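Undergrad: Structure, please.
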Amino acid sequence: MSKKISKIVFAGSNDFALAHLESLLNSKYIISAVLTKPDNLYCKKRENCFSLIKKYAIKNYITLLQPKNLFNEIFYSSLKQINADILIVSSYGNKIPKKILKIFPFGGINIHASLLPRWKGAAPIQWAILSGDKKTGVSVIKMNSRIDSGKIIYTLSCPISQLDNTITLSAKLIPISLQCMYQSLQIIDNPYIINYQKQNKILEKQAPKIKKKDSIISWSHSVIQIDRLIRAFVSWPCCQFLINKLYVKIKKASIFSVKKHDFQCGEIIEVNKTGIQINTGKGILRIEKIKIPGKKTLHISQILHAKKKIFVKKAILK
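TA: Residues are numbered from 1 along each chain as shown. As a prediction, the model looks like this:
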């Protein structure tokens, strides 16, 4: 009888990855160790330095590995001694060296939140929203020496609604992703199934890491572009605009009109309890919730009661 997958090393760093780790721990598989990125030493509160993945591993007495360098020989030896069957990666954030993959009899698989080869890279969910895609999905690939480039083991698609943001779309993808993961493990366990799909390079699109500077709104863009930006960056870095020398974060907004109007880009054309209407390069955006530095998130109706002079009709936002 051929060997079956039993012991797993799981690599991940964010909330999306945590859902997979939680599910695996309650499955027939054994989590031999968890690999996650080093602690964030620049966070303001000590309790926020640990990722949710690390906290979960500690709580459940799982061996935790946090190497600063994946090429480190001590780390390599420690990982090899675990004698796990396969490496499962979900939103880990670092490239896994080929030498590490060779430790595992079944190699490594990567659970990626896109329909590969579309949106290869660090931010596939955000880029799917930014590009106005009608659908996305999850792909599980056999890992090789190149990022997100291995053969596809299993994939499922998911529709994207016009109101989806990174938070809601991530939530929709989790159950799909779990199904993909378990189906892939079954396929790998079956030596007679070898119909892995090679990725088509012609369809390849890159989803590079989001930077904080990307969150500054340019009001010359269309309302459709700005709306996508707000929905894609709702978790981080959160879209911002400048008013009275303050960078204000947009927490909720909607498209009021898609037609071109005879106002300046960034001009406030209406202020009322339903929101602030801002003219863009084409169309009007309605901002409904904001966060002023040092304050909690508030609806515009609350802002108008407390700070009536912040938003004035005909003022121009930068």
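Undergrad: remind me, longest strand of this protein?
TA: What stands out as the longest strand in the chain, according to DSSP state E, is strand 246-257.
Undergrad: Quickly run through the sheet partners of that one, with directions.
TA: Using DSSP bridges, the strands paired with strand 246-257 are strand 240-243 (antiparallel), strand 284-291 (antiparallel).
Undergrad: can you put those strands in TSV and add mean pLDDT, distance to G121 and mean neighbour count?
TA: Heads up, the C-betas are built off the backbone N, CA and C, glycines and all. Output for the strands paired with strand 246-257, formatted as TSV (pLDDT from 0 to 100; distance: least, C-beta to C-beta, whole Å; neighbours: other C-beta atoms under 10 Å):
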stretch	mean pLDDT	distance to G121	mean neighbour count
strand 240-243	90	24	18
strand 284-291	96	28	20
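Undergrad: Quick one, which of those gets closest to S218.
TA: Closest to S218 of the strands paired with strand 246-257, according to C-beta to C-beta: strand 240-243, at 9.5 Å.
Undergrad: which residues touch that closest one?
TA: 215-217, 219, 247-250, 266, 310-311, 315, 317-318 (C-beta atoms under 8 Å, 6 or more residues apart in numbering).
Undergrad: What average pLDDT does the longest strand of the chain get?
TA: Average pLDDT, strand 246-257: 94.
Undergrad: which other helices and strands contact the helix or strand that it is followed by?
TA: For strand 246-257, the following helix or strand on the C-terminal side (DSSP states H and E) is strand 268-272. On a contact count with 3 or more C-beta pairs under 8 Å, 6 or more residues apart in numbering; DSSP states H and E, strand 268-272 meets strand 275-279, helix 300-306.
Undergrad: Show me what the shortest one is packed up against.
TA: If I follow you right, that is strand 275-279. strand 246-257, strand 268-272, strand 284-291.
Undergrad: and the two most separated of the contacts of strand 240-243?
TA: Spatially, the most separated pair among those is S215 and A315, at 21.3 Å (C-beta to C-beta).
Undergrad: If you count surrounding residues, which of the two has more?
TA: Legend: neighbour count by other C-beta atoms under 10 Å for S215 and A315, higher for S215 (20 against 15).
Undergrad: The more buried one reaches F233, doesn't it?
TA: Yes - the pair S215 / F233 is scored as a contact, 5.3 Å apart, by C-beta atoms under 8 Å.
Undergrad: Overlap of the contact sets of these two?
TA: Common contact partners of S215 and F233 (C-beta under 8 Å, 6+ apart): C239.
Undergrad: Check the secondary structure at K99 for me.
TA: The local conformation at K99, judged by DSSP: H, G, I helix; E, B strand; the rest coil, is helix.
Undergrad: before we move on, back to that, out of the helices and strands packed on strand 268-272, which is the most enclosed?
TA: Neighbour counts (mean count of other C-beta atoms under 10 Å) averaged over each of those peak at strand 275-279, with a mean of 24.
Undergrad: Note down every partner strand of that strand and its orientation.
TA: When DSSP bridges is applied, strand 275-279 pairs with strand 268-272 (antiparallel), strand 284-291 (antiparallel).
Undergrad: And the strands in the chain?
TA: 7-12, 30-35, 64-65, 86-90, 108-112, 135-142, 152-159, 240-243, 246-257, 268-272, 275-279, 284-291, 298-299.
Undergrad: Y76 is nearest to which of the ones you listed?
TA: Once those are compared by C-beta to C-beta, strand 64-65 is nearest, at 10.8 Å.
Undergrad: same for the longest helix seen in the chain, what does it pack against?
TA: Counting by DSSP state H, the longest helix found in the chain is helix 166-189. Applying 3+ C-beta pairs under 8 Å, 6+ apart, one finds that helix 166-189 contacts helix 15-25, strand 86-90, strand 108-112, helix 124-130, strand 135-142, strand 152-159.
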